[in-house]
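> Sequence first, predicted model second:
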Amino acid sequence: MNVTINPGICGFITNVYTSSDDMQNVTLKIETECPSLKPIESELKIIDGFSECFGTLGDTDVYKICRNHCHHAACPIPAGIIKSIEVACGLALPSDCSIKFVSNE
């Protein structure tokens, strides 16, 4: 599975490639244009998908590793990585997510 995360105005696209042989342990390959998050490419390789998907928001390994490098609370990259893990484990069907800004006028 390949997930492309477009975080918005910064424009730093991140691609996440996931696979799982047992529907729990997920192998990740991450390619990001974000200079702050570049280290996660080598730090996030194999993850327990159940721990990530059923963990407390902000306390999973993905969030712990990402917060060491990214100090922007609104960054959608960690959530996108977890969504890709969720699909790799068969815990969700692949479906696009979005945040849409709607004018009040």
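Looks like it arrived, so ask away. Numbers count the residues shown, from 1 in each chain.
> How about the secondary structure of the most centrally placed residue in the chain?
Nearest to the geometric centre of the chain sits Ile81, at 1.4 Å (C-alpha atoms, centre = their mean). At Ile81 the chain is in helix, as set by DSSP: H, G, I helix; E, B strand; the rest coil.
> Model confidence for it, exactly?
Looking at Ile81, its pLDDT stands at 98.
> Please give me every residue in contact with it.
3, 5, 14, 16, 28, 30, 44, 62, 66 (C-beta atoms under 8 Å, 6 or more residues apart in numbering). Yep, even glycine has a C-beta here, placed from its N, CA and C like the rest.
> List only buried entries from these.
Members of the contacts of Ile81 that pass the buried threshold by neighbour count (16 or more other C-beta atoms under 10 Å) are listed as 3, 5, 14, 16, 28, 30, 44, 62, 66.
> if we can go back for a sec, show me the contacts of Ile81 that map onto helices.
62, 66 (DSSP state H).
> and stretch 48-60, how far apart are its ends?
The first and last residues of stretch 48-60 sit 10 Å apart, counting by C-alpha to C-alpha, to the nearest Å.
> I'd like the average pLDDT over that stretch.
Taken as a whole, stretch 48-60 has an average pLDDT of 96.
> If we go by neighbour counts, what in it is buried?
When neighbours are counted by 16+ other C-beta under 10 Å, the buried residues of stretch 48-60 are found to be 48-49, 52-53, 55, 60.
> closest to Pro39 among these?
Taking C-beta to C-beta as the measure, Pro39 lies nearest Thr60 of those, at 17.3 Å.
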